[in-house]
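# build me a model:
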Amino acid sequence: MLVIHPAALNQPQALVEWAAMLMVTREGDRCCMLRPAPRVMVALVYLREHTTLAKTAAGLGISESTVHACTSAVLDLLAERAPGLLKMLREHDPDFVLLDGALTERDRVGDGRADCSHRHRRHGVNVQVVTGPGGRLLWLSPALPGRTTT
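Got it, this is the predicted structure:
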């Protein structure tokens with residue numbers, strides 16, 4: 001049994017307004033019962049709380065499919081505006097960078113063979129990170145399948 005509770009996040013209002021404005025000006029967006037700002041908040045709650053779609057949906061009193069749609073829409077909008085690796089390196093021009101990668105566990109959906117890392121014996125996505133000398137995040141790769149060999 002899930003206990004329903006509202007969520008509160010310590011997020012700048014400007015971030016929510018900016019992402020909501022991106023959502024409003026986006027063409028071809030699907031119709032949703034939620035207005036843009038609450039849709040952004042749903043995505044931020046899901047991403048910040050590191051919880052499941054079901055728990056986020058129950059906590060906010062909406063369906064899992066709405067949480068998934070909101071999160072996917074916000075992530076797509078942010079990914080479209082994220083600078084590429086070369087642009088980031090040219091702008092910051094660090095003396096050196098640190099590259100690291102991690103396999104992040106995820107639930108197996110459908111045919112999970114591409115996401116199965118036999119080395120780690122689990123399903124997941126591979127994420128690569130580039131940071132500057134001080135540890136500041138410069139670039140984050142898109143989530144790649146956990147399997148690195150064919």
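
# what residues of stretch 49-61 count as buried?
Within stretch 49-61, the residues that qualify as buried by neighbour count (16 or more other C-beta atoms under 10 Å) are 51, 53, 55-60. Bear in mind the C-beta positions are built from the backbone N, C-alpha and C, glycine included.

# where is pLDDT lowest across these?
The member of the buried residues of stretch 49-61 with the lowest model confidence is Thr51, at 80 (criterion: pLDDT).

# mean confidence for the longest helix seen in the chain?
In the chain, ranked by residue count with DSSP state H as the criterion, the top helix is helix 64-81. Averaging the model's pLDDT scores along helix 64-81 yields 84.

# go on, stretch 139-150?
Averaged across stretch 139-150, the pLDDT comes to 66.

# how near is the residue nearest the centre of the chain to Pro94?
Nearest residue to the geometric centre of the chain (C-alpha atoms, centre = their mean): Leu75, 5.3 Å. Between Leu75 and Pro94 the computed distance is 27 Å (C-beta to C-beta, to the nearest Å).

# number of nearby residues for Leu9?
Leu9 is flanked by 12 other residues according to other C-beta atoms under 10 Å.

# tell me the buried residues in the helix or strand that comes right after the longest helix of the chain?
Read in the C-terminal direction, the helix or strand following helix 64-81 is helix 85-92, with elements assigned using DSSP states H and E. Applying a neighbour-count criterion of 16+ other C-beta under 10 Å, the buried positions in helix 85-92 are 88-89.

# now stretch 59-70
Within stretch 59-70, the residues that count as buried by 16+ other C-beta under 10 Å are 59-60, 62, 66-70.

# tell me the bridge partners for the nearest residue to Ser141 once chain neighbours are set aside.
Here the nearest residue to Ser141 in space, its sequence neighbours aside, is Gln128; by C-beta to C-beta, 6 or more residues apart in numbering that works out to 3.9 Å. Under the criterion DSSP bridges, Gln128 forms beta bridges with Gly101.

# right, I'll leave it there.
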